[in-house]
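**Q** Sequence first, predicted model second:
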Amino acid sequence: MDTVEKKRLSKIALLIRKGVIEGTFNAKSGHPGGSLSIAEVLAYLYFKEMRVDPADPKAENRDRFVLSKGHAAPALYAALAHRGFFPVEDLKTLRKSNSYLQGHPNMNYVPGVDMSTGSLGQGISAAVGIALASKLQGAPYRVYTVLGDGEIQEGQVWEASMFAAAKKLDTLTVFVDNNNLQIDGTVEEVNSPYPIPDKFRSFGFNVIEINGHDFDEIEAAVKDAENCKDKPTAIIMKTVKGKGVSFMENAVNWHGSAPNAEQYALAMAELDAALADLDA
Amino acid sequence: MSEVIKTATRDAYGKALCELGEKNEKLIVLDADLAAATKTGMFKKAFPDRFIDCGIAESNMIGIAAGLATAGYTVFASSFAMFAAGRAFEQIRNTLGYPHINVKIGATHAGISVGEDGASHQCCEDIALMRTIPGMTIINPADDVEARLAVLAAAEMNGPVYMRFGRLAVPRVFDENYRFEIGKGVYLNRGTDVTIIATGLLVERAIAAVELLKAEGISAALINMATIKPIDREIVLDAARATGCIVTAEEHNVIGGLGSAVCEVVSENLPVPVLRVGVEDTFGKSGPALELLEIFGLNAANIAEKAKRAVSLKK
């Protein structure tokens, strides 16, 4: 990826992060940590890879995205808003009783959301179903889903993975956001899912391990997935929970709490400074 | 007297799927390793390319059904009632119900009449569970004629539907002139003293109960209520008005099923005595289906007994 392109995507990732802070601050609740850790993969998918059209969000042959870790909705909404699916201004209405931006994604309210999610472990099954449809139809679209590393403690993830490999669903790409933290502590402390790559490999996946904040690595992995035939791909992303906001990084308490006014100002200042640095 | 035709509603389900498969190329049938028992195996044989076995993973099957449906397929997903409504309740609630996705759940082996497999497989809670999901349609056909019509109607409507079928061969109640409509109860008999509202295999037993009551000089109306949700409020209130008391009959826990649905309508609009025939908040057990139906009071005698009590409770 050339530097111009990388700069463009880096900027978008920062705008997604600002959207996460804006939304959770205004909502006084939400999940900033695990939203911030997937900003790069969303920026890459929605602004470089996926064939989607904000003017025709239900287009038959669009690529699909399922946010299996539905609590990272603030990041998905920010990506969709900046991609043109709805006004960026609306991100401030996150979780409000008069808003269409629910705490977890609703496919019937939000243009661009391909599946309602929120209950962990269920999104991947729907993504597998969509990938099965693409295969049955011989349709050209691809399906992407992002799982949390805590989420893969859900047994349904492995039901879905077994099925996806057994049916050779090579249009499916599963990202695991391995930020190592869940509500009650580190994923190891709570109920270790490690080694994650070995598990997906033994289930029959093409497995790629990357730094989830590096656009070159994300792009290479997605291309690898596209070229892999007869196997679904799992891209295990090492990430930093709270990435991009210094005081939220690697801090478990930012899984499900919102910044106050002071923290909001600090976070926005950091993200604005990073944006300015990109243009410098 | 002509021979009574006995068919399990699950057989009618399998046949109806094949009939639909001929007409609708976008029809896909999923199962969770029970195709021979749920009778989706008939569809598998006729349309192997549009039958997907998800293996013993019902929760995942519901998600796959949802994904397929969003890509434009009409999807029927099948398992036993226990593992569809029970095991996969939350998947049905969150991944089908909340987004109101166009998936039909064909749940077979509902109720006590599963027989010898016993309590672990005798689901008497499914209607209660499904009834609490906003926007869910629930159909519990009485015989093979109605089961076929219900499957065809469910495929025509948009949105999630829970269809409840039985393992046991049951006598045919309806003839070829029967007209089925989702959300509509049907009078099978008119009467003045009490109305029996029955669903599923209890309908045939309620017909017998009407005769028992007649012999004792009690005039009983009978309504077949195949659709439990949305419940046909008008016919329930008509029954309350016309006879002043009601007995419900279902092969389900008395908590949360048809009886509860009828009570909810009556108590808020036109309070009259409602007595419920069903499984009395207990688990089932192993045994031949017909014997179990007697043991658990799911028979004409118990319906007639409750009807007499209902009449005596009238003011």
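**A** Cool, the structure landed. These numbers were taken from a predicted model, which means no experiment stands behind them. Numbering: from 1, shown residues only, chains lettered A, B, ... in the order given.
**Q** which residues in chain B form strands?
**A** In chain B, strands defined by DSSP state E lie at B:6-8, B:27-31, B:51-53, B:74-80, B:103-108, B:137-139, B:161-164, B:169-171, B:186-189, B:194-198, B:220-224, B:227-229, B:246-253, B:274-279, listed in chain order.
**Q** Could I get those strands in TSV, plus columns for mean neighbour count, distance to A:Glu262 and mean pLDDT?
**A** For the C-beta atoms, the positions are set from N, CA and C on the backbone; glycine is no exception. Formatted as TSV, those follow (neighbours: other C-beta atoms under 10 Å in any protein chain shown; distance: least, C-beta to C-beta, whole Å; pLDDT from 0 to 100):
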stretch	mean neighbour count	distance to A:Glu262	mean pLDDT
strand B:6-8	18	68	97
strand B:27-31	26	52	98
strand B:51-53	21	54	98
strand B:74-80	28	50	98
strand B:103-108	28	47	98
strand B:137-139	25	51	98
strand B:161-164	28	51	98
strand B:169-171	20	69	97
strand B:186-189	17	66	98
strand B:194-198	30	63	98
strand B:220-224	25	65	98
strand B:227-229	24	50	98
strand B:246-253	30	55	98
strand B:274-279	25	60	98
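**Q** doesn't B:Gly72 make contact with A:Gly129?
**A** No - using C-beta atoms under 8 Å, A:Gly129 makes no contact with B:Gly72, being 11.9 Å away.
**Q** Those two - which one has more neighbours?
**A** Neighbour count, other C-beta atoms under 10 Å in any protein chain shown: between A:Gly129 and B:Gly72, A:Gly129 has more, with 36 against 12.
**Q** Contacts only, for the more buried one.
**A** The contact partners of A:Gly129, by C-beta atoms under 8 Å, 6 or more residues apart in numbering or on different chains, come to B:Gly63, B:Ile64, B:Ala65, B:Ala66, B:Gly67, B:Leu68, B:Ala69, B:Thr70, B:Ala71.
**Q** what residues are up against the fourth one?
**A** Shown here is B:Ala66, whose contacts under the criterion C-beta under 8 Å, 6+ apart are A:Met115, A:Ser125, A:Ala126, A:Gly129, B:Thr95, B:Leu96, B:Pro99, B:Ile101, B:Val103.
**Q** separation between it and A:Asn253?
**A** As judged by C-beta to C-beta, to the nearest Å, B:Ala66 and A:Asn253 stand 34 Å apart.
**Q** cool, B:Thr192 as well?
**A** With C-beta to C-beta as the criterion, B:Thr192 and A:Asn253 are 69 Å apart.
**Q** got it, and A:Ser37?
**A** Taking C-beta to C-beta, one finds A:Ser37 at 15 Å from A:Asn253.
**Q** what's around residue 211, how many residues?
**A** Because you didn't say which chain, this covers chain A. The tally of other residues near A:Asn211 (other C-beta under 10 Å) stands at 14.
**Q** Let me rephrase: I mean chain B.
**A** 12.
**Q** Which pLDDT value belongs to it?
**A** At B:Glu211, the pLDDT value in this model is 98.
**Q** same thing with the one 3 residues further on?
**A** Confidence at B:Lys214, expressed as pLDDT, is 98.
**Q** Can you name the residues bridging to the residue nearest to it when sequence neighbours are not counted?
**A** Spatially, and ignoring its direct neighbours in sequence, B:Lys214 is nearest to B:Ala220 (7.3 Å; C-beta to C-beta, 6 or more residues apart in numbering or on different chains). Note on B:Ala220: beta-bridge partners by DSSP bridges are B:Val194.
**Q** which residue sits closest to A:Arg8 in space, ignoring its chain neighbours?
**A** Residue nearest to A:Arg8 in three dimensions, not counting chain neighbours: A:Phe47, with 7.5 Å by C-beta to C-beta, 6+ apart.
**Q** Pretty sure A:Val207 sits against A:Thr233.
**A** Yes - counting by C-beta under 8 Å, A:Val207 touches A:Thr233, with 7.5 Å between them.
**Q** Show me which of these two is the more surrounded one.
**A** Between A:Val207 and A:Thr233, counted using other C-beta under 10 Å, the more crowded position is A:Thr233 (25 against 22).
**Q** got a list of what the more buried one touches?
**A** With the criterion set at C-beta under 8 Å, 6+ apart, A:Thr233 makes contact with A:Asp170, A:Leu172, A:Thr173, A:Val174, A:Phe205, A:Asn206, A:Val207, A:Ile208, A:Ala221, A:Asp224, A:Ala225.
**Q** So which of the residues you listed belong to strands?
**A** Those of these lying in strands (DSSP E): A:Leu172, A:Thr173, A:Val174, A:Asn206, A:Val207, A:Ile208.
**Q** Looking at A:Ser37 and A:Asn253, which has the bigger crowd around it?
**A** Between A:Ser37 and A:Asn253, counting by other C-beta under 10 Å, A:Ser37 is the more crowded of the two (32 against 11).
**Q** Convert the C-alpha atoms of stretch B:191-210 to CSV, please.
**A** Below are the C-alpha coordinates for stretch B:191-210, written out as CSV (Å, rounded to 0.1, in the frame of the first residue of the first chain):
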residue,chain,number,x,y,z
GLY,B,191,-73.4,-24.7,21.2
THR,B,192,-74.9,-22.6,24.0
ASP,B,193,-73.6,-23.8,27.4
VAL,B,194,-69.8,-23.8,27.0
THR,B,195,-67.2,-23.3,24.4
ILE,B,196,-64.2,-25.6,24.0
ILE,B,197,-61.2,-24.0,22.3
ALA,B,198,-58.7,-26.7,21.3
THR,B,199,-55.5,-26.8,19.4
GLY,B,200,-53.3,-29.5,17.8
LEU,B,201,-54.1,-33.1,18.6
LEU,B,202,-56.6,-32.1,21.3
VAL,B,203,-59.0,-30.9,18.6
GLU,B,204,-60.0,-34.5,17.7
ARG,B,205,-60.4,-35.3,21.4
ALA,B,206,-62.5,-32.2,21.9
ILE,B,207,-64.8,-33.4,19.1
ALA,B,208,-65.3,-36.5,21.2
ALA,B,209,-65.8,-34.4,24.3
VAL,B,210,-68.6,-32.5,22.6
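**Q** Show me the shaky parts of chain B.
**A** B:1-2 (pLDDT under 70).
**Q** Kindly report the residues of it close to chain A.
**A** Contacts of chain B with chain A, taken as C-beta under 8 Å from any C-beta of the partner chain, map to B:28, B:49-50, B:52, B:54-55, B:57, B:59-60, B:62-73, B:90-91, B:94-95, B:98-100.
**Q** Drop anything exposed from these.
**A** Among the residues of chain B next to chain A, those classed as buried by 16 or more other C-beta atoms under 10 Å in any protein chain shown are B:28, B:50, B:52, B:54, B:57, B:59-60, B:62-71, B:73, B:91, B:94-95, B:98-100.
**Q** Wait, B:Ala155 touches B:Leu17, no?
**A** No - between B:Ala155 and B:Leu17 there is no contact under C-beta under 8 Å: 9.0 Å.
**Q** Give me the common contacts of these two.
**A** With contacts defined as C-beta under 8 Å, 6+ apart, the residues shared by B:Ala155 and B:Leu17 are B:Leu27, B:Phe76.
**Q** Comparing these two, which shows the higher neighbour count?
**A** More crowded of B:Ala155 and B:Leu17, by other C-beta under 10 Å: B:Leu17, with 28 against 19.
**Q** which residues sit in contact with that one?
**A** Counting by C-beta under 8 Å, 6+ apart, B:Leu17 touches B:Leu27, B:Val29, B:Lys39, B:Thr40, B:Met42, B:Phe43, B:Phe76, B:Gly106, B:Val151.
**Q** For chain B, just list every one of the helices.
**A** B:9-23, B:35-38, B:41-46, B:58-70, B:81, B:89-91, B:126-131, B:144-156, B:202-215, B:233-243, B:258-269, B:289-295, B:300-313 (DSSP state H).
**Q** so can I have a markdown table of these showing distance to A:Ile16?
**A** Shown next, in a markdown table, are these (distance: least, C-beta to C-beta, whole Å):
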| stretch | distance to A:Ile16 |
| --- | --- |
| helix B:9-23 | 45 |
| helix B:35-38 | 45 |
| helix B:41-46 | 45 |
| helix B:58-70 | 25 |
| helix B:81 | 44 |
| helix B:89-91 | 29 |
| helix B:126-131 | 39 |
| helix B:144-156 | 42 |
| helix B:202-215 | 57 |
| helix B:233-243 | 49 |
| helix B:258-269 | 47 |
| helix B:289-295 | 59 |
| helix B:300-313 | 63 |
